[in-house]
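Trainee: Need a 3D model of the following:
(2 chains)
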2 protein chains.
Amino acid sequence: MDRIRRNERLAAMTRILSESPNRIHTLGTFCERFGAAKSTLSEDIDILRGVFSQFGLGQLDTVTGAAGGVRFRPIPSPEEAQRTVRELAQMLASPGRVLPGGFIYMADILAMPDVVERMGAIIASQFYRAEPNFVLTMETKGIPIAMMTARALGVPMVIVRRDSKVYEGPAVNINYLSGSGARVETMSLSRRAVKEGQRALIVDDFMRAGGTARGMVDMMREFSVTVVGVCVMISTQEPVKKRLDGVKSLLVIEGADESSGTAVIRPAAWLAQAAERAKA
Amino acid sequence: MDRIRRNERLAAMTRILSESPNRIHTLGTFCERFGAAKSTLSEDIDILRGVFSQFGLGQLDTVTGAAGGVRFRPIPSPEEAQRTVRELAQMLASPGRVLPGGFIYMADILAMPDVVERMGAIIASQFYRAEPNFVLTMETKGIPIAMMTARALGVPMVIVRRDSKVYEGPAVNINYLSGSGARVETMSLSRRAVKEGQRALIVDDFMRAGGTARGMVDMMREFSVTVVGVCVMISTQEPVKKRLDGVKSLLVIEGADESSGTAVIRPAAWLAQAAERAKA
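Mentor: Next up, the predicted model:
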C-alpha cells in the first residue's frame, strides 16, 4: 500500500469517528489501518480536535487508561443548540399545524432525519456524564428522536410497546394513567429487552401531564433499572405540575389558537442560559 | 480568521458531508466557510474522493449543472455489504432467539443504531437511482431501519399507523390482509403526510406473505404516489409466492428449530452476486 499522507488520514479518521459517536477507538487500530506511528496519530488527533472545535463540528476527547483511546461526541455548541431549537420552534409554530382539540401536527418534523439527528445530538449532550446504557421510549412518534439520541450516545434504544407481541417473548405489562388522568392504559416491555442494574435515559417526543413518562419510570423499577434522566422534545406549559419531576424539555407549548391554526411555542429557558454561560 | 490549512479543511469538509448524506453542497458554500478559492476546493474534493474510495468510506460525487456541487453517499462496497449482512445473519441465528410459534426475537438488533445505520446504508445504496422522495414504513419495529435508510437517502420518513390518531389530522384508512390472510386489519395514513405525484420507497423489517407491504402499496395508490421499490431486512422463504412481486430482502429465514431455539438464516443471493461482479 502507498504511504498515506496526513491530509488523507485526517479525512478518513474524521469519517470513521463521525460514524461511531461516543465509541472509544484505540490509537492501535488507527496505527494498523493507516500504517502510521502512534506519535504521528497523536498529532493527527490534536489537529482534528482543533478543527472540530473551531467549526463547531463536535468534540474529540482523548480517554486515558487501559481502555483508552480517542472518542468523538457530536456535541453542538450552546449557541448552535439554541439556534437549532429556535428554528424548530418556528417550524412547529407555522400556521395550519393546530388540529381540532388543540393538538399540534408534528409527525412530518419528527421524521426528518437531519432535524431529528440534531435534536438527538442536543439531548445526548446533556446526558453523556450520566452514562446511560440505553435510551428508552414508547412507540411510536418518539422512536426517531430516541434513535438519534441513542446514536449520539453510542448505546441501543429500547421500545416500550402498547401491548405485548408474540415476537417479543415474555413481557412485563403495567398500567398507567394517560391523558389528563382520565384513562388507564397498558404498556408492555419484553423481559429480555433490558438487564437488572442498567441505567436508562427516557426520551419521548411530547409530554403533557407526564403520565406516559411516569409509566416508563415505573416500568424501569420493575426491571431494577436506574433512570438517569427524562427528556422530551416538547412539553406543554399546562399543567405546570407534571406527574414527574426533573423532566428536561427542548421546547414549551404556551398555547394554541385553533381559529388561526397557530401554536405559541418557545425554546426551554435552560438553552438560553447555557448559551449565555458559554458567552461569559 | 487565521488561514485554514488544507488538512484542517479536509477534516471539516468530511464531517460536514458525512452528516448530510445525499445533499448537494455547492462549492460556493465551502468557499465562503473556509475562505478558499474554488480551484483549491476542487482539488480538496478530488483528494477526499480518493480517500473515501480507498478506505471504503463511501462515495463522493461531483454533480454538474445549475444546482451542481458535491454530494456524499454512504455507499458500502459490495464486499463490505455482504460482510455486514453475514454478520447480521449470525447475530440472528444465535441460539435462544426462536420464540413459541417460530417467531424470531429481533427487537434488540433492530434498535442498535450502528447495526441499523449500516443496514440503512445498504438498502439506500440500491435505490439512489430510483430517486424516492420519502421512505414509507409501518409502525413499529421497522421504524429505525426506515429512518436510517431515509437518512442515507437524504429524504424524510413517513410512518403508516395501525389506527388514526387525533394528532395526525384527517387520515386515509384502508384494510389489508395480515398474517397468512387470516385477518383483515386496518392501516391509517395522515392526509398531509405525502403529496400526489411523489415517489415512495417502502422499507420494513420483516416480511412473511407480504400482506403489510401489499397494504402499503395500496395505500400509496390512494395518494397517487408511485412506489419505486420495496425492501425488507428479512423475509421468510415460505411462502415462496408473496402477495407482492419484486421485493428486495437482505436476509432470508429458511427455517427455525423451536427445540434448540435456533433459526436458519442466510444472506439474500443478490448480495453475493453483487460482490462477485465487483471482484470481476
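Trainee: what bits of the stretch 1-150 of chain A have low per-residue confidence?
Mentor: A:1-2 (pLDDT under 70).
Trainee: can you give me the strands for it?
Mentor: A:24-25, A:59-63, A:69-73, A:134-138 (DSSP state E, counting those that start in this stretch).
Trainee: Can you give the contact residues for the third one?
Mentor: The set of residues external to strand A:69-73 that reach it, using Cβ atoms under 8 Å, 6 or more residues apart in numbering or on different chains, is A:17-18, A:20-27, A:29-30, A:45, A:52, A:58-63, A:124-125, A:128, A:152. C-betas here are computed from N, CA, C, even on glycine.
Trainee: Test my guess that A:Val228 contacts A:Glu131.
Mentor: Yes: contact between A:Val228 and A:Glu131 holds when scored by Cβ atoms under 8 Å: they sit 7.3 Å apart.
Trainee: who's more crowded, these two?
Mentor: Taking other Cβ atoms under 10 Å in any protein chain shown, A:Val228 and A:Glu131 do not tie; A:Val228 has more neighbours (16 against 11).
Trainee: List the strands paired with the helix or strand harbouring the more buried one, with their directions.
Mentor: Here A:Val228, judged by DSSP states H and E, is contained in strand A:226-236. Within its sheet, and counting by DSSP bridges, strand A:226-236 is paired with strand A:199-207 (parallel), strand A:248-257 (parallel).
Trainee: now the angle between strand A:134-138 and that strand, please.
Mentor: 40 degrees (axes from the mean of the first three to the mean of the last three Cα atoms, to 10 degrees).
Trainee: Please spell out which residues along strand A:226-236 are buried.
Mentor: A:227-236 (16 or more other Cβ atoms under 10 Å in any protein chain shown).
Trainee: Which ChimeraX command selects the buried ones in the contacts of strand A:69-73?
Mentor: The buried subset of the contacts of strand A:69-73, as determined by 16+ other Cβ under 10 Å, is captured in ChimeraX by this line:
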select /A:17,18,20,21,22,24,25,27,30,45,52,58,59,60,124,125,128,152
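Trainee: what sits against the closest residue to A:Glu80 other than its chain neighbours?
Mentor: Distances taken as Cβ to Cβ, 6 or more residues apart in numbering or on different chains place A:Gly56 nearest to A:Glu80, at 5.4 Å, with adjacent residues excluded. Taking Cβ under 8 Å, 6+ apart, we find A:Gly56 in contact with A:76-77, A:80.
Trainee: Need the single longest helix in chain A, by residues.
Mentor: Of all the segments assigned as helix in chain A under DSSP state H, the longest by residue count is helix A:38-54.
Trainee: other SSEs contacting it?
Mentor: If contacts are counted by 3 or more Cβ pairs under 8 Å, 6 or more residues apart in numbering or on different chains; DSSP states H and E, helix A:38-54 sits against helix A:6-18, helix A:27-34, strand A:59-63, helix B:6-18.
Trainee: got the CA coordinates for the third one in CSV?
Mentor: The C-alpha coordinates for strand A:59-63 follow below in CSV (Å, rounded to 0.1, in the frame of the first residue of the first chain):
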residue,chain,number,x,y,z
GLN,A,59,-15.9,17.3,20.5
LEU,A,60,-12.9,15.0,20.3
ASP,A,61,-11.6,13.6,23.6
THR,A,62,-8.6,11.5,24.5
VAL,A,63,-9.5,8.9,27.0
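Trainee: Neighbouring strands - and their directions - for that strand?
Mentor: In the sheet, strand A:59-63 lines up with strand A:69-73 (antiparallel) (DSSP bridges).
Trainee: overlap in contacts of A:Val228 and A:Glu131?
Mentor: A:Arg199.
Trainee: measure A:Asn133 to A:Ala275 for me?
Mentor: 30 Å (Cβ to Cβ, to the nearest Å).
Trainee: A:Tyr128 too?
Mentor: For A:Tyr128, the distance to A:Ala275 (Cβ to Cβ) stands at 19 Å.
Trainee: count of neighbours near A:Ile109?
Mentor: A:Ile109: 20 neighbours (other Cβ under 10 Å).
Trainee: Confirm that A:Ile265 sits in a strand.
Mentor: Yes: assigned with DSSP: H, G, I helix; E, B strand; the rest coil, A:Ile265 falls within a strand.
Trainee: give me phi/psi at A:Lys242?
Mentor: phi -90, psi 170 (degrees, to the nearest 10).
Trainee: ok, now which ones touch the residue nearest to it when sequence neighbours are not counted?
Mentor: In this structure, A:Lys242 finds its nearest non-sequential neighbour in A:Gly210, 3.7 Å apart by Cβ to Cβ, 6+ apart. Applying Cβ under 8 Å, 6+ apart to A:Gly210 gives the contacts A:242-244, A:247.
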